[in-house]
Every structure is written in C-alpha cells, then in structure tokens.
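**Q** Provided below for reference: sequence and predicted model.
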Amino acid sequence: MRNALGLMLASVVAAVVIAGVWFWTSSPRADVAPPQTIAARKAEPLPPAAKDDVQVTASLTRPAPLPAAAPAPVQQKQACANPNALGVARTVVIDTSGGPGFGFEHFKQLDFLADKEVVLTFDDGPWPNNTAAVLRALAEECTKGLFFSVGKHASYHPEILKQVLAAGHTVGTHTFSHVNLNSKKMTEQQVRDELEKGFSAVKMALGQAPAPFFRFPQLQHNPAAMAYLGTRNVAMFSADLDSFDFRSKNAEQIVNTVMTKVDKLGKGIILMHDFQRLTGEALPTLLARLKAGGYKVVHMKARTPFETLPEYDAMMVRHDKLPQISSRPVSAVVQTVTD
C-alpha cells in the first residue's frame with residue numbers, strides 16, 4: 001500500500017515539474033522583446049520633423065533608409081474649395097529642345113493659346129510678403145502661374161520659393177542678379193555666368209532643378225545669350241502684354257492696364273511681378289475680372305527636367321553661407337564672466 005502511494009506521489013511531482021518547465025519556456029519573458037511584426041513596425045511613431053535649417057541640412061545629407069516594402073508617397077490632389085474659382089482650363093507640356101521662344105513681343109512662331117486663354121507669369125521673386133500675397137490670390141482661385149525667380153532672391157528666401165513650388169506652380173529663372181544681359185558692358189562670359197549662376201542658385205533654393213524656362217530681365221534679349229540658351233535646351237519667354245505693375249500708382253491701375261490690353265488682344269501671356277506689393281493687392285480683383293470676361297488660364301510645364309552645371313553648383317555652395325553644425329558644446333563657446 002505504501003509503495004503504491006509513493007509511486008502516485010512521485011508521478012504527481014513529475015507532472016508538476018514538467019508543466020512548470022513547459023510554462024516557463026513557452027510564455028513570453030519580461031526581459032526578452034517579442035518578435036517585431038510588420039504591423040508593429042507600421043504602428044511605431046515617425047521620428048519628429050526637423051526644427052531648423054541645420055537639422056534639415058543634416059537630414060538631407062544623411063537620409064534614413066526606407067523599409068524595402070515601403071510604398072512611394074503619393075501626392076493627393078486637393079479639391080478646390082471655391083466652386084466658382086477661375087481654375088486651370090488646361091495644362092500644356094513644352095518640349096524645350098533648341099530653346100523655343102514664347103511671347104509675341106519678341107517671338108512670333110509659337111501661337112499655342114486659343115482665344116480667351118491667358119498665361120499668368122510673375123518675375124523677380126521670391127520676396128517676403130509680396131510673393132505670399134500672390135500665392136494666396138492664386139490659391140483662392142485654384143489657378144496656377146509661372147514664376148521667373150532671380151537667383152539672389154532665391155538664395156535670400158529659399159523657404160518662400162519652396163512654397164511656390166509646393167503650391168504646384170512652375171518655377172523658371174531670371175538670371176542671378178537681374179542684370180541687363182544686353183548691356184555693352186557685359187562680356188559673353190559674364191552673360192553665361194549670370195545665366196548659369198541663376199540656374200544653380202534657384203536649384204539650391206528649391207532642392208531640385210528649376211524648369212528649363214527663362215525670361216530676360218527688362219525683356220532685353222541678348223543674341224549670344226539666346227544662342228547659348230538654345231544649346232542648353234532652355235525655353236525663352238517674352239510676353240504678350242505687360243502689366244507695368246512696377247510703375248503703377250495703385251492696384252486699380254494694374255487691373256485696368258491688364259484688362260484693357262487682354263481685351264484688345266483676346267488672349268496672351270501676362271507679365272507681372274511677385275516682387276511688387278501692388279501686384280498681390282491687384283490680383284484678386286484681376287482674377288475675378290478675367291473669369292467674368294470668360295478668360296481661362298493655361299498652365300505651362302516642361303516635358304524634361306533641367307540639368308545645372310556642376311561647376312556652377314559648386315560656385316553657389318561657396319557663395320551661400322550654409323549653416324554649420326558645431327561639435328563644440330555651448331559652454332566651450334559661451335562663458336559667463338559676470339552675473
């Protein structure tokens with residue numbers, strides 16, 4: 001009897017031990033992280049966005065690798081909040097091979113606008129407040145324009161030019177320093193430098209190359225420069241009508257000047273300046289007048305991207321005072337000598 005009870009007790013103890021071993025080995029341990037699933041990785045919060053230009057520069061130079069299965073981000077087209085907006089009637093893509101010219105003040109060959117069609121163009125930006133006012137007016141009417149940026153202004157205010165691009169507008173160039181390229185004081189090399197430095201400065205500001213679209217300052221077309229732009233496959237823009245916003249006394253005068261000319265021509269590439277304060281003030285009324293007159297906006301884009309020259313890119317890096325990340329602690333740089 002005792003032997004039987006002993007055997008039964010031993011069997012029970014053995015079963016308890018085996019069950020404990022099984023439970024310890026099969027249960028998750030507090031000191032061991034569970035295997036990370038794809039769903040768990042997707043649920044992890046993204047790293048915080050960069051707070052300043054130094055962090056932005058660092059993040060661009062040291063990009064974090066994306067997961068192999070991560071899909072490319074898709075930009076969603078936002079619906080227009082204004083049901084009565086002027087909008088964009090059509091978008092045209094330009095083959096810039098050989099440097100075609102647009103704008104009947106200087107180029108007569110390419111008549112691509114139908115009656116009652118206009119192209120909205122803006123020179124000399126980006127500039128604080130004034131460019132923002134132009135962008136707001138265009139956004140309220142859900143329409144698009146073509147901006148010819150000055151390289152120096154782009155280097156002064158890259159954040160503003162990035163806003164122009166992010167809003168879906170086309171960004172071309174307008175030389176580096178807005179010099180008259182047709183001046184007799186300009187050598188061919190100086191003309192070329194103005195063009196290429198402008199391309200590279202705008203590229204640095206945008207973070208990508210501008211469109212291969214160019215407008216001569218003061219509409220002064222230098223023949224040698226035109227030939228050179230042709231070799232670079234850059235389309236050249238004149239205008240069909242000038243708003244003369246840079247010498248208007250008020251916003252009403254700008255509106256009247258543009259509408260008088262466009263009604264006479266029936267269509268055209270309109271030259272304005274986002275550098276000018278009055279242009280932003282005039283634009284809401286002007287866009288409303290264009291819509292009331294039955295005019296439609298054509299948006300212009302380039303078929304192929306533009307490639308800047310490496311030597312001018314390097315020149316602009318040296319020209320631009322990029323923020324530097326210091327390895328020294330603050331206490332080693334700044335010391336209190338008196339309270």
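**A** Alright, I've got the coordinates.

**Q** tell me how many other residues surround P223.
**A** Here the number of neighbours of P223 (other C-beta atoms under 10 Å) works out to 8. Using the backbone N, CA and C atoms, a C-beta is placed for each residue, glycine as well.

**Q** oh, I was asking about V334
**A** For V334, the neighbour count with other C-beta under 10 Å is 7.

**Q** can you check A132 too?
**A** Considering only other C-beta under 10 Å, A132 is surrounded by 17 other residues.

**Q** give me every residue that touches it.
**A** A132 sits next to I160, Q163, G280 when contact means C-beta atoms under 8 Å, 6 or more residues apart in numbering.

**Q** pull the residues that contact the helix or strand containing the last one.
**A** Secondary structure from DSSP states H and E places G280 in helix 277-292. For helix 277-292, the surrounding residues in contact (C-beta under 8 Å, 6+ apart) are 84, 86, 118, 122, 129-134, 136-138, 140-141, 143, 243, 245, 248, 250-252, 254-255, 258-259, 262, 272-274, 297.

**Q** can you name the next helix or strand after that helix?
**A** Counting by DSSP H and E, the element that comes right after helix 277-292 along the chain is strand 296-302.

**Q** for that following strand, packing partners?
**A** Judged by 3 or more C-beta pairs under 8 Å, 6 or more residues apart in numbering; DSSP states H and E, strand 296-302 is in contact with strand 90-94, strand 117-123, strand 170-173.

**Q** 7 Å instead?
**A** The elements that strand 296-302 packs onto, with contact taken as 3 or more C-beta pairs under 7 Å, 6 or more residues apart in numbering; DSSP states H and E, are strand 90-94, strand 117-123.

**Q** about what we covered before: from the contacts of helix 277-292, list the buried ones, please.
**A** 86, 118, 122, 130-134, 137-138, 140-141, 143, 243, 245, 248, 251, 254-255, 258-259, 262, 272-274, 297 (16 or more other C-beta atoms under 10 Å).

**Q** among the residues you listed, which are located in helices?
**A** When DSSP state H is applied, the buried ones among the contacts of helix 277-292 are split such that 130-134, 137-138, 140, 251, 254-255, 258-259, 262 fall in helices.

**Q** what is the neighbour count of G99?
**A** Neighbours of G99 using other C-beta under 10 Å come to 18.

**Q** which strand or helix spans the residue nearest to it when sequence neighbours are not counted?
**A** The shortest distance from G99 to any residue other than its chain neighbours is 3.4 Å, reached at G230 (C-beta to C-beta, 6 or more residues apart in numbering). Here G230, judged by DSSP H and E, is contained in helix 223-231.

**Q** put the alpha carbons of that helix into PDB.
**A** As requested, C-alpha coordinates have been extracted for helix 223-231 and formatted as PDB (Å, rounded to 0.1, in the frame of the first residue of the first chain):
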ATOM      1  CA  PRO A 223      21.500  87.400 -79.300                       C
ATOM      2  CA  ALA A 224      24.600  85.500 -78.000                       C
ATOM      3  CA  ALA A 225      22.700  84.600 -74.800                       C
ATOM      4  CA  MET A 226      19.700  83.300 -76.800                       C
ATOM      5  CA  ALA A 227      22.000  81.100 -78.900                       C
ATOM      6  CA  TYR A 228      23.600  79.800 -75.700                       C
ATOM      7  CA  LEU A 229      20.200  79.000 -74.100                       C
ATOM      8  CA  GLY A 230      19.400  77.100 -77.200                       C
ATOM      9  CA  THR A 231      22.300  74.800 -76.700                       C
END
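
**Q** now do the very next helix or strand once past that helix: everything it contacts.
**A** Following the chain from helix 223-231 toward its C-terminal end, the next helix or strand by DSSP H and E is strand 235-237. Outside of strand 235-237, the residues that reach it under the criterion C-beta atoms under 7 Å, 6 or more residues apart in numbering are 94, 96, 99-103, 121, 212-215, 226, 229.

**Q** how near is the closest residue to M272 other than its chain neighbours to T257?
**A** Among residues not flanking M272 along the chain, S243 sits closest, at 4.7 Å (C-beta to C-beta, 6+ apart). When C-beta to C-beta, to the nearest Å is the yardstick, S243 and T257 sit 6 Å from each other.

**Q** one step back: can you point out the buried residues in the helix holding G280?
**A** Going through helix 277-292 with 16+ other C-beta under 10 Å, the ones that come out buried are 278-284, 286-291.

**Q** again, but for stretch 159-168
**A** Using 16+ other C-beta under 10 Å as the test for burial, stretch 159-168 gives I160, L161, K162, V164, L165, G168.

**Q** what sits against the fourth one?
**A** Taking C-beta under 7 Å, 6+ apart, we find V164 in contact with P126, T131, L135, F147, V171.
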